[in-house]
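Peer 1: Provided below are the primary sequence and the corresponding predicted coordinates.
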Amino acid sequence: MTRAVRIVFVKELLENLRDRRVILSAFLFGVLLAPVIFGLTTSVASKRVVENQDKPLRLTVSGSEHAPNLVHFLEENGTEIKTVAMSADEAMSAVRGGGEDLVLLIDAEYGKKLQAGEPAPLDLVVDTANNQTGAGADRARRLLEAYGGQLAALRLLVRGVSPEVIRPVDVRMLDVATPAGRSLLILGMMTYFSFMSMLVGGFYLAIDTTAGERERGSLEPLLALPVRRAELIVGKMLATSAFMSISLLLTLAAFGVVLQFIPLEALGMSANFGPRVVLAIFLVMLPFVPLGAGLMTAVASFTRSNREAQSWLSVVMLLPIAPIMFAVVNGTKPTAALMMVPSLSQHLLATSLMRGDAIPPLHAAISAGTTLALGGLLVWIAIRLYKREAILG
Amino acid sequence: MIRVEQLSKKFGAVQALSDVSFEAHDGRITGLLGHNGAGKSTTLRILSTVLRPDAGHAVVDGHDCVEAPLRVRGSLGVLPHASGLYAHLTGRENIRYYGKLHGLQGAELDRMTGELIERLGLGTVADRRAKGYSQGERLKVALARALVHQPRTIILDEPTNGLDVNAVRMLRELIRQLRASGRCVLFSSHVMQEVAALCDDIVIISHGRVVVRGTPAEILAATGAADLEEAFVRAADGGVPA
């Protein structure tokens, strides 16, 4: 680092640390907002799952007088029955409107058909678009099928046939998901938040050092100083990188704290997020910092004003997020080839660390190498753009 | 000492400067006079090396603006038209930042900064953030920042634009002091009275060309005008060749 680079770096740090707007956006988002939003959504989600499992199934039944045995069976199996008299149309509009979660309609024909040995009609009215009642609908359907199974077995026994005859295969589900594995989708969102707060941390500096300085009229006298333009912009990008790194580290640390208070264990999940994992994830994500700083600075150099720079950068910030969204949705597994994709490789390595898996040194090396190479290219482009005469606007 | 020879500069299809030549000497105040858009700022920006000429030479204190831009910038003090301060730094920090980038440090930096703050009467506000400065205070800090390394040659682009009377008087006084200490001062203006009040030499520029240059007496003689204002109008609009 030359003396001029150091002088510019220190000045930009000092100036921006004094700017309340920069501090609020850089650190408040990452350190407070992201973990709080994340903590709230996950704790609400996990609480709901827990409540649904413990709560008795609540089922509204219309026409229960036609099937006293069925109702008795349901009650024996822990269902709270609410008896009503509704037509099919009324039931459907009640469920669609959210007035009822589930309605079981028992037809007047039910008893007659049952006695005749024909399939007896039962209508279960559900709204599959409603996430909150999906679990209840599954439980109701399983109970009804179990009742049907009992009746079928009885009929076969009466005819002297073993019920096993109609059970040619016995499907058993062996769930091998580890507790931490199951929490991956939720924890995967964390790398998304971490990238966001890393980029937001450098957002204002990237703008301030280019479009902002021009708009305030402080750029021209600065360029008339006996310092190479490359030294000026490198000093500025280093300051941007420092803010991004601090924001990232604080965010990861905040996640580490917040996760202590989220009942992930109640969901059968466990998050691997001690101080060592926080530090490891920080180191894995750090190579992305120069890439982000170079990208934001290069884009901001193109723009004519602060406002224009802000709208452009808001779009640019979504770029690194896209591969992560793709991976989260598809459940992508880490491979050496994928380690060549910046942001995706950091996401995959970070999720491995959270899962408690060891990461292959080769993967870490490819990820850091390709990301730093692309970062170097973007920094070079930012320097070139800063050297143009048009930078004065 | 500034020497400009046959400078040309084009922005796209617009010929901003063509064949501009003049000199500005040490111990004298030289005014670059012309309408808005005549090419004054482009000339000064080539001198401060933030723009490169398409053709011609500009030499500051013996250093060529294209070949040795860092040396040129080292010996120049520049007050551009837009001369914003860093609002979250104090006046003193603004001045020190420029001093450091000029290579000053330690006791020398402290001494130069302190001297300028005292000389420009910034003592009471120097350690407040620049955000709350008045127009005059901002100008003083911008001047101190441009002078902190004791440049031999000083360039000021439309320095009095939008200033109140007190600030203009302060600035004129400072420019005369710089002349008295043997510096070369080049400043641009589109206000005739401004230039007439201060300058030893005048260069009138119009549509990217120098139309007339010399001392006020020489310009009156060349244009055949009764006073400088008449001379400016004739030269800038009529295009009397230099």
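Peer 2: Now that the structure is in, tell me what you want to look at.

Peer 1: going forward, measure contacts between C-alpha atoms and count neighbours the same way
Peer 2: OK.

Peer 1: which SS class is residue A:86?
Peer 2: coil (DSSP: H, G, I helix; E, B strand; the rest coil).

Peer 1: report all helices and strands that the host helix or strand of residue A:195 contacts.
Peer 2: Per DSSP states H and E: residue A:195 is located in helix A:184-207. Helix A:184-207 sits against helix A:34-54, helix A:229-258, helix A:288-302, helix A:306-316, helix A:321-330, helix A:344-355, with contacts defined as 3 or more CA pairs under 8 Å, 6 or more residues apart in numbering or on different chains; DSSP states H and E.

Peer 1: got the residue ranges for the helices in chain B?
Peer 2: B:40-47, B:69-75, B:91-101, B:106-119, B:135-147, B:165-180, B:192-198, B:216-223, B:228-233 (DSSP state H).

Peer 1: of all those helices, which one is nearest chain A?
Peer 2: Each of these has some distance to chain A by CA to the nearest CA; the shortest is helix B:69-75, at 4.8 Å.

Peer 1: and the residue minimising distance to the centre of chain B, bridged to which residues?
Peer 2: With the centre of chain B defined as its mean C-alpha position, the nearest residue by CA atoms, centre = their mean is residue B:156, 1.9 Å away. With beta bridges defined as DSSP bridges, residue B:156 has these partners: residue B:79, residue B:187.

Peer 1: per-residue pLDDT of it, please?
Peer 2: At residue B:156 the predicted local confidence, pLDDT, stands at 95.

Peer 1: next up, the contacts around it.
Peer 2: Residues near residue B:156 by CA atoms under 8 Å, 6 or more residues apart in numbering or on different chains: B:78-81, B:185-188.

Peer 1: mind running it again at 7 Å?
Peer 2: B:78-80, B:186-188 (CA atoms under 7 Å, 6 or more residues apart in numbering or on different chains).

Peer 1: who wins for neighbours among those?
Peer 2: residue B:78 (30 neighbours; other CA atoms under 10 Å in any protein chain shown).

Peer 1: name the nearest residue to that residue, sequence neighbours excluded.
Peer 2: What sits nearest to residue B:78 in space, not counting adjacent residues and going by CA to CA, 6 or more residues apart in numbering or on different chains, is residue B:155, at 4.9 Å.

Peer 1: and residue 58, how many neighbours?
Peer 2: Assuming you mean chain A. 18.

Peer 1: sorry, I should have been clearer: chain B.
Peer 2: 29.

Peer 1: and what of residue A:103?
Peer 2: Per other CA under 10 Å, the neighbour tally for residue A:103 reads 26.

Peer 1: is it true that it touches residue A:61?
Peer 2: Yes. With contacts defined as CA atoms under 7 Å, residue A:103 counts as touching residue A:61 at a distance of 5.7 Å.

Peer 1: what about residue A:358, how many neighbours?
Peer 2: 10.

Peer 1: just give the nearest non-adjacent residue to it, would you?
Peer 2: Sequence neighbours aside, residue A:352 is the residue nearest to residue A:358 in space, at 7.1 Å (criterion: CA to CA, 6+ apart).

Peer 1: what's the neighbour count on the one you found?
Peer 2: The local packing of residue A:352 (other CA under 10 Å) involves 20 other residues.

Peer 1: got it, and residue A:75?
Peer 2: Neighbour tally, residue A:75, other CA under 10 Å: 14.

Peer 1: residues in contact with it?
Peer 2: By CA under 7 Å, 6+ apart, residue A:75 lies in contact with residue A:81.

Peer 1: shouldn't it be within a helix?
Peer 2: Yes. Under three-state DSSP, residue A:75 falls within a helix.

Peer 1: can you list the buried residues in the helix or strand in which residue A:89 is found?
Peer 2: Residue A:89 belongs to helix A:88-97 when elements are defined using DSSP H and E. Of the residues in helix A:88-97, A:88, A:91-92, A:94-96 count as buried by neighbour count, 16 or more other CA atoms under 10 Å in any protein chain shown.

Peer 1: tell me the two of the residues you listed that are most distant?
Peer 2: Greatest spacing in those, by CA to CA: A:88 and A:96 (12.2 Å).

Peer 1: name the residues of chain A found near chain B, please.
Peer 2: Near chain B, the residues belonging to chain A are A:4, A:15, A:18-19, A:216-218, A:220-221, A:223-227, A:389 when assessed by CA under 7 Å from any CA of the partner chain.
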